[in-house]
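A.B. asks: Pasting a predicted model and its sequence here:
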Amino acid sequence: MTSLKELGDLVGGKVVGDPQLSIDGVSSLDTGEEGTITYLYKKKFQKFVETTNASAIIVSDEALIGKKNGIIVDDPRLAFVKVLEFFSDDMREYEGVHSNAIIAKSAQIGTSTDIGPNVVIGENVLIGDNVVIGPNNVIGPNVSIGNNCRLFSNIHICSDSKIGNNCILHSGVIIGADGFGFISVDDSHVKIPQIGKVVIGNDVEIGANSTIDRGTVADTIVHDLCKFDNGVQIGHNVTVGKGCLLTAHVTIAGSTKIGEYCAFGGQSGAIDNVTIGDRAIFACYTAVTKDLPGGKMYSGAPAREIKEKNKRDALYFDVSRLKKRIEFIEKAINK
């Protein structure tokens, strides 16, 4: 439990109302509970201000909350993130190394690192300081994991993979499995050995059940600050540039190069061997089938710049309407 003033100091905001008001948690605006703090970041949700039971609201303008208690900041969402962090649990399920963990003698484990039950850590693994490794994880030989990482349960990090500092891997993630590479000869499929690695930068988050395949020869690389949603698939030899956002079920085929700060909507993707420029944005279900410049928004299958796609859609609608009109006239003439 804390006071409204303490939270105001935390987020660097102006407190209005009772500064000694006790706050014991957070809630959403529409279902707010007494004793909690919430936030308003869009005026269209202001209708909930009068009905919420939350004891305080973080807003950008004092006029939005009337006589209610609150904190005034420039960006309510960023302020609420700090409040969420304040009230969040440490999430450490275990302290130290669980007795059921199997750790190779050559592995090096940093200080203040917690390892859960049934974890298997292979030869020559390097794990940094303040790392939390959940139950049932398998970490293959020669893997390196940086400082301050969190690995949830049931993750497999295959041999030779490298993970930077401050990374979060959610349950079911597989890093460094073989890429999909075969040569078809006489109705058979000859497997291409995959001997590259996966290299993941700093401050990367990988959503549940996502997979990042190792390179065939060159490494598969995910640069710093990337954030992946659940169920993302990254093929072999792919490079994902700094700060990219990939939402649920995005699929990137082998050897594709993605620039910095690109964003992919749900179930969008790219075929193999294409290059995408910096800061390109792709709507849901978009399919990239050729090299595309950055700094533009794309949609459709195949991907087209949204302005062009909207023109094509409008033209198609006009042609369809004209066709129906011609058919109506022809029927009238033939009567």
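C.D. replies: In hand now; what should we look at?
A.B. asks: residue contacts, the closest residue to T2 other than its chain neighbours?
C.D. replies: Using C-beta to C-beta, 6 or more residues apart in numbering and skipping the chain neighbours, the partner closest in space to T2 is I23 (5.6 Å). (Each C-beta comes from the backbone N, C-alpha and C, glycine too.) Going by C-beta atoms under 8 Å, 6 or more residues apart in numbering, I23 touches 1-4, 7, 35-37, 55-56.
A.B. asks: What about these, which are in strands?
C.D. replies: Using DSSP state E, the members of those that fall within strands are 2-3, 36-37, 56.
A.B. asks: Show me just the buried residues among those residues.
C.D. replies: Among these, those classed as buried by 16 or more other C-beta atoms under 10 Å are 2, 36-37, 56.
A.B. asks: What is the nearest of those to L246?
C.D. replies: I37 (31.8 Å; C-beta to C-beta).
A.B. asks: pretty sure the closest one contacts N53?
C.D. replies: No: judged on C-beta atoms under 8 Å, I37 makes no contact with N53 at a distance of 11.7 Å.
A.B. asks: Domain parsing of the chain, as residue ranges.
C.D. replies: 2-87, 155-302 (automatic domain parsing).
A.B. asks: What is the burial count for the nearest residue to A101 once chain neighbours are set aside?
C.D. replies: Spatially, and ignoring its direct neighbours in sequence, A101 is nearest to V119 (4.4 Å; C-beta to C-beta, 6+ apart). Neighbour count for V119, taken as other C-beta atoms under 10 Å: 23.
A.B. asks: just use 101 as the starting number from now, easier for me
C.D. replies: In the new count, where the first residue is 101, that last one comes out as V219.
A.B. asks: At the geometric centre of the protein, which residue sits there?
C.D. replies: Geometric centre of the chain, nearest residue: F328, 3.0 Å, by C-alpha atoms, centre = their mean.
A.B. asks: Determine which two of the ones in strands among the contacts of I123 are furthest apart.
C.D. replies: By the measure C-beta to C-beta, the ones in strands among the contacts of I123 have their two most distant members at S103 and T136, which lie 13.5 Å apart.
A.B. asks: and I426, which of the three is it?
C.D. replies: The three-state label given to I426 by DSSP: H, G, I helix; E, B strand; the rest coil is helix.
A.B. asks: my bad, should have said Q146
C.D. replies: Under three-state DSSP, Q146 falls in the helix class.
A.B. asks: neighbours around A383, how many?
C.D. replies: By the criterion of other C-beta under 10 Å, A383 has 17 neighbours.
A.B. asks: correction: P293
C.D. replies: 9.
A.B. asks: L226 too?
C.D. replies: 15.
A.B. asks: Kindly report the same for H270.
C.D. replies: Look at H270: counted by other C-beta under 10 Å, it has 21 neighbours.
A.B. asks: Apart from its chain neighbours, what residue comes closest to it?
C.D. replies: Excluding the flanking residues, the one nearest H270 by C-beta to C-beta, 6+ apart is A308, at 4.1 Å.
A.B. asks: Surely that neighbour is in a strand?
C.D. replies: No: counting by three-state DSSP, A308 is not part of a strand but coil.
A.B. asks: Give me the phi and psi angles of it.
C.D. replies: phi -60, psi 140 (degrees, to the nearest 10).
A.B. asks: With that, I have no additional questions.
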